[in-house]
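Chemist: Here you go, sequence then predicted model.
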Amino acid sequence: MKRRQFIPYLWLLLSTVVIFGLYLVLTLAMESLVFFFVYYGVMTALLLYYVIYNRGFSRHSLTLENMPPHLSVEEKQAVLAERDLRKARSKWAIYILFPGILTLLYDCVTLFILPNLQGLFGGGA
């Protein structure tokens, strides 16, 4: 793998560590549900932004061949160029959404799954 191809993965790993760590520190330090709701509100808003800005990914699989025939080649290329530009401009959101989803998964496991497993196998009260 070339070095340039590896750099986005490093940014993703770094953002995951920072956002996950920040979430843990703030939820433990604040000891209230305020940050919980703020965090998930921000994640929901960011997810909505990403999906709406990319037009629900409705143009994700478009090619010149499967576009309507009444469009000229220039119009088809303009649609594809706009799609690619929107993807590039909204790429930064992935570096926040991915760690946010992992943090949500961690929270769900620790709040709901692990206590039920402990009760199932006789651990805990």
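Modeler: Ah, there it is.
Chemist: Can you give me the neighbour number for the spatially closest residue to Lys87 that is not a sequence neighbour?
Modeler: Counting by Cβ to Cβ, 6 or more residues apart in numbering, Lys87 lies nearest to Asn54, which is 6.5 Å off, once chain neighbours are set aside. (Glycine included, C-beta is placed from N, CA and C.) Using other Cβ atoms under 10 Å, Asn54 is surrounded by 17 other residues.
Chemist: wait, doesn't Asn54 sit right on Lys91?
Modeler: No. In this structure, Asn54 is not within contact of Lys91 by Cβ atoms under 8 Å, at 10.2 Å.
Chemist: State the next helix or strand along the chain beyond the strand or helix carrying Ile19.
Modeler: Taking DSSP states H and E as the criterion, Ile19 maps to helix 3-30. Per DSSP H and E, the first helix or strand lying C-terminal to helix 3-30 is helix 34-53.
Chemist: helix/strand/coil for the most centrally placed residue in the chain?
Modeler: Nearest to the geometric centre of the chain sits Leu97, at 2.5 Å (Cα atoms, centre = their mean). The local conformation at Leu97, judged by DSSP: H, G, I helix; E, B strand; the rest coil, is helix.
Chemist: Quick check: it vs Val51, distance?
Modeler: For Leu97, the distance to Val51 equals 10 Å [Cβ to Cβ, to the nearest Å].
Chemist: Next: Leu28.
Modeler: On the measure of Cβ to Cβ, Leu28 and Val51 end up 31 Å apart.
Chemist: Could you do Pro99 as well?
Modeler: Here Pro99 is placed at a distance of 18 Å from Val51 (Cβ to Cβ).
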